[in-house]
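1. build the 3D model from these lines:
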Amino acid sequence: MAWPKSTKTVRVPKGNLFASDCPTRIILDDVTSRWGSLVLVLLLESSYRFSELAYRIGGVSEKMLAQTLRALEQDGFVLRTVHATKPPRVEYSLTPLGREMAERMLVLTEFIEKNLGKIMANRARAAKQTA
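-> Predicted structure coming up:
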């Protein structure tokens with residue numbers, strides 16, 4: 001079944017992550033991508049300008065950050081606010097939906113940081129077994 005373009009005239013079916021044509025997979029990719037998850041967690045702290053986000057997230061290129069912010073904005077997780085100054089000042093923050101998502105992502109990232117030693121030991125064991 002094809003997904004409707006508008007939810008105003010057609011009832012949107014419930015998401016099914018395991019269906020190959022379900023848009024939940026695209027949203028999951030946006031949120032759980034390396035940069036998407038980091039942007040969400042960072043924006044829990046405060047609103048940031050693009051250059052501040054790029055500085056705080058080590059290793060992200062401007063192109064990838066721009067694509068990530070655009071995708072998260074389209075999904076309704078990030079709000080882009082343009083302030084009428086010269087030059088214009090643009091800030092990124094979380095929407096209420098984005099805050100809810102980021103809080104869940106924070107739990108995952110904290111789990112990974114807390115268990116990093118165990119995870120890296122498992123990787124080292126696996127590398128020895130395949131070598």
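
2. hey, where'd the helices end up in this structure?
-> Here the chain has its helices, by DSSP state H, at 24-32, 34-43, 50-56, 62-74, 96-114, 116-130.

3. what's the most buried one of the ones you listed?
-> Mean neighbours per residue, mean count of other Cβ atoms under 10 Å, is largest over these for helix 34-43, with a mean of 21. Using the backbone N, CA and C atoms, a C-beta is placed for each residue, glycine as well.

4. just the pLDDT for the most centrally placed residue in the chain.
-> In the chain, the centroid-proximal residue (Cα atoms, centre = their mean) is residue 36; its distance is 2.6 Å. Looking at residue 36, its pLDDT reads 97.

5. can you tell me how far it is from residue 105?
-> Look at residue 36 and residue 105: by Cβ to Cβ, to the nearest Å, they are 9 Å apart.

6. picking that back up, format the helices of the chain as TSV; extra columns: distance to residue 89.
-> Converted to TSV, these look like this (distance: least, Cβ to Cβ, whole Å):
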stretch	distance to residue 89
helix 24-32	25
helix 34-43	17
helix 50-56	10
helix 62-74	15
helix 96-114	20
helix 116-130	37
